[in-house]
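[1] Fold the stuff below for me.
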Amino acid sequence: RRFTAAEVREHTSAERGGIWVTYKGDVYDLTEFVDQHPGGNVFGPVAGRSIDADWAALSFHETGMAREMLEQYRIGRLTDEDVAAAAAAAAEAAK
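    Down below sits the predicted model:
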């Protein structure tokens, strides 16, 4: 299923339909994972947005186990337009 970035931004808590994030253009519903995260509930600041920068900042996320865990919660992908917009924003921020 395809989601818009606006749809993802609406999902910032269990009370608001779940805790959704994006990573590399895919959309994940982490609502059920929040209490299982080894680092505790760290999702408040990232709920409803991309976790690309946060993920990259912590090298242990690049382990196969972490990627496999994340994949279990994938519910879809951003629209092509929103993937392109996110890439452009990331490129601009990197300047």
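[2] okay, CA-based contacts and neighbour counts for the rest of this
    Will do.
[3] By residue count, what's the longest helix in this protein?
    Using DSSP state H, we find that the single longest helix of the chain is helix 80-93.
[4] If you count neighbours, what's buried in it?
    Asp82, Val83, Ala86 (16 or more other Cα atoms under 10 Å).
[5] Return the residues in contact with the last one.
    Read it as Ala86. Residues near Ala86 by Cα atoms under 8 Å, 6 or more residues apart in numbering: none.
[6] can you tell me how far it sits from Ala5?
    9 Å (Cα to Cα, to the nearest Å).
[7] same question, Glu32
    Separation of Glu32 from Ala5 (Cα to Cα) stands at 21 Å.
[8] After the helix-or-strand element of the chain with minimal mean pLDDT, which helix or strand is next?
    When the helices and strands of the chain are compared on mean pLDDT, DSSP states H and E, helix 52-57 comes out lowest with a mean of 71. Moving toward the C-terminus from helix 52-57, the next helix or strand (DSSP states H and E) is helix 64-71.
[9] if we can go back for a sec, any idea which of the buried residues of helix 80-93 the model trusts least?
    Scanning those for pLDDT, the low point is Ala86. It has 87.
[10] Surely Ile51 is in contact with Gly25?
    No - Ile51 is beyond contact range of Gly25, at 10.2 Å (criterion: Cα atoms under 8 Å).
[11] Of these two, which one has the most company?
    Shown here are Ile51 and Gly25; by other Cα atoms under 10 Å, Gly25 has more neighbours (21 against 17).
[12] send the alpha carbons of the longest helix of the chain over as CSV?
    In CSV, the C-alpha atoms belonging to helix 80-93 read as follows (Å, rounded to 0.1, in the frame of the first residue of the first chain):
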residue,chain,number,x,y,z
ASP,A,80,6.8,8.3,-5.3
GLU,A,81,6.2,12.1,-4.9
ASP,A,82,6.9,12.0,-1.2
VAL,A,83,10.0,9.7,-1.7
ALA,A,84,11.4,12.3,-4.1
ALA,A,85,10.5,15.2,-1.8
ALA,A,86,12.3,13.5,1.1
ALA,A,87,15.4,12.8,-1.0
ALA,A,88,15.5,16.4,-2.1
ALA,A,89,15.1,17.7,1.5
ALA,A,90,17.9,15.3,2.7
ALA,A,91,20.2,16.5,-0.1
GLU,A,92,19.5,20.1,0.8
ALA,A,93,20.1,19.5,4.5
